[in-house]
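Visitor: Okay, sequence plus prediction incoming.
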Amino acid sequence: MGTAQILFWSLTALALISAIMVLVSKNPVYSVLWLIVVFFAISGHYILLNAQFLAIVNLIVYAGAIMVLFLFVIMLMNLNTETEPQKSIWMKFFGVVAGGLLLSFFISFVISSADLKGKSAQLKEGEIGLIKTLGKALFNDYVIPFEIASILFLSAMVGAVVIGKKD
Amino acid sequence: MWTDFLILMKQEMAVIAMIFILLFMKLGRDRSNESFMNTMNVLLLLNLILGFVFNHEGILFNEMFRTSRLIAFEKNILNLAMLIISLQSYSWLKTNKHVPEFYILMLSSLLGMFFMISSGNLLMFYLGLEMSTIPLAAAANFDLTKRRSSEGAMKLIFSSAFSSACLLFGISMLYGTTGTLVFSELPHLINNNPLQLFAFILIIAGFAFKISVVPFHLWTADVYEGAPVAVTSFLSVVSKGAVLFAFVSVLYTVFSPLAKVWYNMLFILSLLTIITGNLFAIRQENFKRFLAFSSIAQVGFILVGISRSSDISTTSVIYFVLIYVFSNLAAFGVVSLVTAVTGKENISDYKGFYKTNPGLSWVLTIALFSLAGVPPTAGFFGKFFLLIAGAGKGNYVLISIAAVNIVISLYYYLRVVKAIFMDANPTPLPSIRTPLMPKLAFIVCVAGAVTIGVVSPVYDYIYSLIVLR
Amino acid sequence: MSALTILLDANVNSSANYFQIGIQLLVAIGIVIVMMVASHLLGPKRSTSEKLENFASGIESHGNARAPMAIKYFLVAILFVLFDVEVIFFYPYAVNFKELGWTGFWEVLLFVAFFLVGFIYIIKKKALQWED
């Protein structure tokens, strides 16, 4: 197995184990910390696919800023291990069954899809994920979504200040 | 080239200009609430008139933005609804502390809907959808002091975030299997690949959430009850109407190869929606929750009309949304005025309403008759055309169940009318003097609800816009 | 040895460049783990109930550390997220500055102008004012 294969499998195992630990942890703060480990593993996957910009942005914005917001919400709502509602064992069982069914559907769709057979992802090389190519595409083909996104941020700022500021 | 771009995007440019005018007015010297509201109502009226002139067709920015006379007409319906909502919320906004922010959030949401309707690319469509949802999530919490408001807003944020995630998952799988995001190229590349079917189901789930189709309707009642009435009327009329327009266009152009798949889906979804909406509306006590479930049932009828997939169904859907704007906003307008003046929201508080407020009770009655589908109000014609469109596929089971449900819905609408006219109340609602702006809104809504059905050129005009597109 | 050939990879834009960063991360985490585990195993173990309490400068601690906090912290965090996303949009522009010319300049200027208006709004509303 080449280095890429070893890295892929270890990152996958890390991501899956951390995702399960997110769900299983009783302390909400531990869940958020495991979620950060999941994001690091996913960013590792992105780097393997040579989507460099996406990996760095994932770490900066998602694991950096948004997880801070998650922790703030947990602190604001005063969520503790003791106050977590205890779900019945049947709910957990049916949750696992439903999730497992969804996973099996998804795997069967991917396997039976004829044009995906025999293809493999482009690892370690490739021009699409580089920041230069992405910049060219963003500012030439996708200008309008770029500008509309800025109006969206403006309205999000207005909304956040309306709700957050005590008058 | 520049003027070309400005004329084609004139409605979006107008809304962006209004947002910036509001921001600069807010950042300038202190103004009273009345000056903001009067300016906004005049600007919204100018915006509505602008939507009727200089309508051209065109495609801009590599198919990211398409416009045609039909799309301009759809945007104008939303403009009209926005103007009516702004007129009706006059009493509530007079004493509110954050008037310009309210308008900025509503206009940003409207702008997002414009971009969603005229998108030709899945990315632009998703951006428009998000841009229409996020300001509404902030606006749903506008009554900052009420706990119900925050509960409704939190439910709206969580559910809409999850449904957007499903929609985006579907879009990404569609892109992965076909390699393109452009609407005009997608139908040729959709074969019956199982991954594409899964993507389609997820995309339908995303849409179904926004138009509150059962079983994705669970957010509707709580959000409608918790949000302030102006935001509720915006959510129920403008948001639903815009997503319906986008749904119809996406379903017929992009997913036309999968027609047999979604016909069965729409059949079951519409049955579930109509029956669930009716059953739950019968038991409601809060007026806003009642209107929420009635609007769920109305969407079920729209799905019956959509299931035919031809020009006639597009026409009937757009016609029904126009009529729904008038009837629903009339009902919400009365609720808005009563809530702003007295703060009472239950149906039992409306007993004996006729004794103290005869004008308002007539407006409410005409609105409820139109929603129920009683001739000669416009609601009857809207439902009639929807059922005719749905009958085109020969599915008479669906049509007969829908028709039976119209009769069932008549029960709960007439229950409110009975409470207004016939029940006695020792402490009825006080006599409310309607200010000028809501009065104008009521006149427009009642005129629309009464006349649009019998004036046949409206339907023919919409049909001509679609056939010539 | 494929690990060594990765270090010699000449392509500037492949993901093999991140291999070195990965090694640095592993070394950093490894040092921390080794220090913690080694001190735990090598040191004397004496634990009394007083030693296991949280340290609060000698003062006894009561109750939970959680208390309802002011919402100004949350508002700062949310506004930080919005402006952080603006900053990450600057990276692709900065890399392609020469090729995008004047058109790109006006596009990014429009983008920044929208954010600037939002920022002026935030300042005018005193949303970031720390003292009440």
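Guide: Okay, I see it.

Visitor: Where in chain C is the helix or strand with the lowest mean pLDDT?
Guide: Every helix and strand in chain C was compared by mean pLDDT, DSSP states H and E; the lowest is helix C:2-7, with a mean of 57.

Visitor: Just to check, residue B:180 is in contact with residue B:186?
Guide: Yes: using Cβ atoms under 8 Å, residue B:180 makes contact with residue B:186 at a distance of 6.4 Å. C-betas here are computed from N, CA, C, even on glycine.

Visitor: From the neighbour counts alone, determine which of those two ranks first.
Guide: Comparing residue B:180 with residue B:186 by other Cβ atoms under 10 Å in any protein chain shown, the one with more neighbours is residue B:186, at 23 against 14.

Visitor: Secondary structure element holding the one residue in chain A that gets nearest to chain C?
Guide: Per Cβ to the nearest Cβ, residue A:135 is where chain A lies closest to chain C, at 3.0 Å. Assigned by DSSP states H and E, residue A:135 belongs to helix A:131-140.

Visitor: Show me which residues of that helix are buried.
Guide: Under the neighbour-count criterion of 16 or more other Cβ atoms under 10 Å in any protein chain shown, helix A:131-140 has A:131, A:133-136, A:138-139 buried.

Visitor: Alpha carbons of that helix, as PDB, please.
Guide: The C-alpha coordinates for helix A:131-140 follow below in PDB (Å, rounded to 0.1, in the frame of the first residue of the first chain):
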ATOM      1  CA  ILE A 131      -6.200  28.500  -5.100                       C
ATOM      2  CA  LYS A 132      -5.100  30.100  -8.400                       C
ATOM      3  CA  THR A 133      -7.500  28.100 -10.500                       C
ATOM      4  CA  LEU A 134     -10.300  28.600  -8.000                       C
ATOM      5  CA  GLY A 135      -9.600  32.400  -8.000                       C
ATOM      6  CA  LYS A 136      -9.800  32.600 -11.800                       C
ATOM      7  CA  ALA A 137     -13.100  30.600 -11.800                       C
ATOM      8  CA  LEU A 138     -14.600  32.600  -9.000                       C
ATOM      9  CA  PHE A 139     -13.900  36.100 -10.400                       C
ATOM     10  CA  ASN A 140     -14.700  35.300 -14.100                       C
END
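
Visitor: Now do the next helix-or-strand element following it and helix A:131-140, the angle between them.
Guide: Sequence-wise, the next helix or strand downstream of helix A:131-140 (DSSP H and E) is helix A:143-164. Following axes from the mean of the first three to the mean of the last three Cα atoms, to 10 degrees, one obtains 90 degrees for the angle between helix A:143-164 and helix A:131-140.

Visitor: Mean confidence (pLDDT) on the next helix-or-strand element following the least confident helix or strand of chain C, please.
Guide: Downstream of helix C:2-7, the first helix or strand assigned by DSSP H and E is helix C:18-42. Averaging pLDDT along helix C:18-42 gives 90.

Visitor: So helix C:18-42, near chain A or not?
Guide: Yes: for helix C:18-42, a contact with chain A is found by Cβ under 8 Å from any Cβ of the partner chain, at C:18-19, C:22.

Visitor: Buried among those residues? Need that as a selection in PyMOL.
Guide: In PyMOL, a selection of the buried entries from these looks like this (16+ other Cβ under 10 Å):
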select buried, chain C and resi 18+19
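
Visitor: Show me what the one helix or strand residue B:201 maps to is packed against.
Guide: Element membership of residue B:201, judged by DSSP H and E, is helix B:194-210. Contact here means 3 or more Cβ pairs under 8 Å, 6 or more residues apart in numbering or on different chains; DSSP states H and E; on that basis helix B:194-210 packs against helix A:89-112, helix B:122-139, helix B:147-178, helix B:240-253, helix B:259-282.

Visitor: just how off-centre is that helix within its chain?
Guide: In this view, helix B:194-210 has its centroid 21 Å away from the chain centroid, taken as Cα atoms, centre = their mean, to the nearest Å.

Visitor: For that helix, give the mean pLDDT please.
Guide: Helix B:194-210 comes out at a mean pLDDT of 90.

Visitor: Centre-most residue in chain A?
Guide: residue A:39 (5.9 Å; Cα atoms, centre = their mean).

Visitor: Then chain C?
Guide: residue C:84 (10.6 Å).

Visitor: Flag the shaky bits of the chain, pLDDT-wise.
Guide: Looking at chain A here, since you left the chain open. A:1, A:80-84, A:114-116, A:118, A:167 (pLDDT under 70).

Visitor: my bad, chain C
Guide: Checking chain C against pLDDT under 70 turns up C:1-12, C:61-68, C:132.

Visitor: Please identify the residue of it positioned nearest to chain A.
Guide: Residue nearest to chain A within chain C: residue C:92 (3.0 Å; Cβ to the nearest Cβ).

Visitor: That residue and residue A:134 touch, don't they?
Guide: Yes: here residue C:92 reaches residue A:134: they are 5.4 Å apart, a contact under Cβ under 8 Å.

Visitor: Just want the angle from the helix or strand hosting residue B:405 to helix B:259-282.
Guide: Using DSSP H and E, residue B:405 maps to helix B:396-421. Angle, helix B:396-421 to helix B:259-282, by the same axes, to 10 degrees: 20 degrees.

Visitor: Check which helices and strands helix B:396-421 sits against.
Guide: helix B:259-282, helix B:287-306, helix B:353-356, helix B:358-372, helix B:378-391.

Visitor: what sits up against the longest one?
Guide: Going back to what we said before, that points to helix B:259-282. For helix B:259-282, contacts defined as Cβ atoms under 8 Å, 6 or more residues apart in numbering or on different chains pick out B:197, B:200, B:204, B:208, B:213-215, B:217, B:221, B:251, B:255, B:290, B:293-301, B:303-304, B:306-307, B:309, B:393, B:395, B:398, B:401-402, B:405, B:408-409, B:411-412.

Visitor: Tell me the buried residues within the residues you listed.
Guide: Buried, going by 16+ other Cβ under 10 Å: B:197, B:200, B:204, B:208, B:213-214, B:217, B:221, B:251, B:255, B:290, B:293-301, B:303-304, B:306-307, B:309, B:393, B:395, B:398, B:402, B:405, B:409, B:412, out of the contacts of helix B:259-282.

Visitor: just to revisit the earlier point, now the residue of chain C closest to chain A. Nearest residue, chain neighbours left out?
Guide: residue A:135 (3.0 Å; Cβ to Cβ, 6 or more residues apart in numbering or on different chains).

Visitor: who's in contact with the one residue in chain A that gets nearest to chain B?
Guide: The nearest approach of chain A to chain B comes at residue A:159, 2.7 Å away (Cβ to the nearest Cβ). Applying Cβ under 8 Å, 6+ apart to residue A:159 gives the contacts B:101, B:105, B:134-135, B:137-139.

Visitor: repeat that for 10 Å
Guide: Contact analysis of residue A:159 by Cβ atoms under 10 Å, 6 or more residues apart in numbering or on different chains lists B:101, B:104-105, B:108, B:134-139, B:141-142, C:78.

Visitor: can you narrow those residues to ones near chain A?
Guide: For chain A, the contacts drawn from the contacts of residue A:159 by Cβ under 10 Å from any Cβ of the partner chain are B:101, B:104-105, B:108, B:134-139, B:141-142, C:78.

Visitor: Report the residue ranges of every domain in chain A.
Guide: With domains defined by automatic domain parsing, chain A comprises A:1-81, A:123-167.

Visitor: out of those, deepest packed?
Guide: domain A:123-167 (a mean of 19; mean count of other Cβ atoms under 10 Å in any protein chain shown).

Visitor: now the angle from the strand or helix carrying residue B:86 to helix B:240-253?
Guide: Assigned by DSSP H and E, residue B:86 belongs to helix B:69-88. Orientation check (the same axes, to 10 degrees): helix B:69-88 against helix B:240-253 gives 170 degrees.

Visitor: Tell me the buried residues in helix B:69-88?
Guide: B:70-88.

Visitor: picking that back up, is it correct that the residue nearest to the centre of chain A is in contact with residue A:59?
Guide: Yes: under the criterion of Cβ atoms under 10 Å, residue A:39 makes contact with residue A:59 at 6.9 Å.
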